[in-house]
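1. fold the following, please.
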Amino acid sequence: MDSAGERSFSYDRSRSAAREMFSLEASADWTGAVGQVDCFVYSLISRATHPEQGREQVLGLAERASDGRAPVCAVEHHAGRGYRGCG
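-> Alright, predicted model coming up:
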């Protein structure tokens, strides 16, 4: 972390945990509850790095949250310290 509180990192996106999140056994539990959330936030970076099936699943979850009347926010970058959520 630098003196301004910024951090930097690198990782191999081809092996990221986000790519596997929909294939986990427990994913049905949390994906089924999306229609009951107060707010659904997803990262455009994560959406861009998912394989096509993952992108479709993220958009499907956003649609389900929206159908449940939750605001849906797509975040362009790391929100940082001042992020207050969506809505």
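2. any idea of the mean pLDDT for stretch 57-76?
-> Mean pLDDT, stretch 57-76: 87.
3. residue 55 - nearest residue in space that isn't next to it in sequence?
-> Take residue 55 and drop its neighbours on the chain: the residue closest to it by CB to CB, 6 or more residues apart in numbering is residue 47, 5.6 Å away. To be clear about C-beta, it is placed using only N, CA and C from the backbone, and glycine gets the same treatment.
4. which strands or helices does the particular helix or strand that has the one you found in it pack on?
-> Assessed by DSSP states H and E, residue 47 sits inside helix 44-49. Counting contacts by 3 or more CB pairs under 8 Å, 6 or more residues apart in numbering; DSSP states H and E, helix 44-49 packs against helix 52-67, strand 72-75.
5. neighbours of residue 57, how many?
-> When counting by other CB atoms under 10 Å, one arrives at 17 neighbours for residue 57.
6. how much space between it and residue 10?
-> Distance of residue 57 to residue 10, given as CB to CB, to the nearest Å: 26 Å.
7. let me see the contact set for the residue nearest to residue 55.
-> 55, 58, 59, 74 (CB atoms under 8 Å, 6 or more residues apart in numbering).
8. the most centrally placed residue in the chain: which element?
-> Nearest to the geometric centre of the chain sits residue 42, at 3.1 Å (CA atoms, centre = their mean). Per DSSP H and E: residue 42 is located in strand 40-43.
9. what are the pairing partners of that strand, and which direction each?
-> Applying DSSP bridges to the sheet, strand 40-43 is found paired with strand 72-75 (parallel).
10. list the buried residues for stretch 2-10?
-> For stretch 2-10, a neighbour-count test (16 or more other CB atoms under 10 Å) marks nothing as buried.
11. span of it from start to end?
-> 16 Å (CA to CA, to the nearest Å).
12. follow-up on the earlier one: average pLDDT across the strand holding residue 42?
-> 86.
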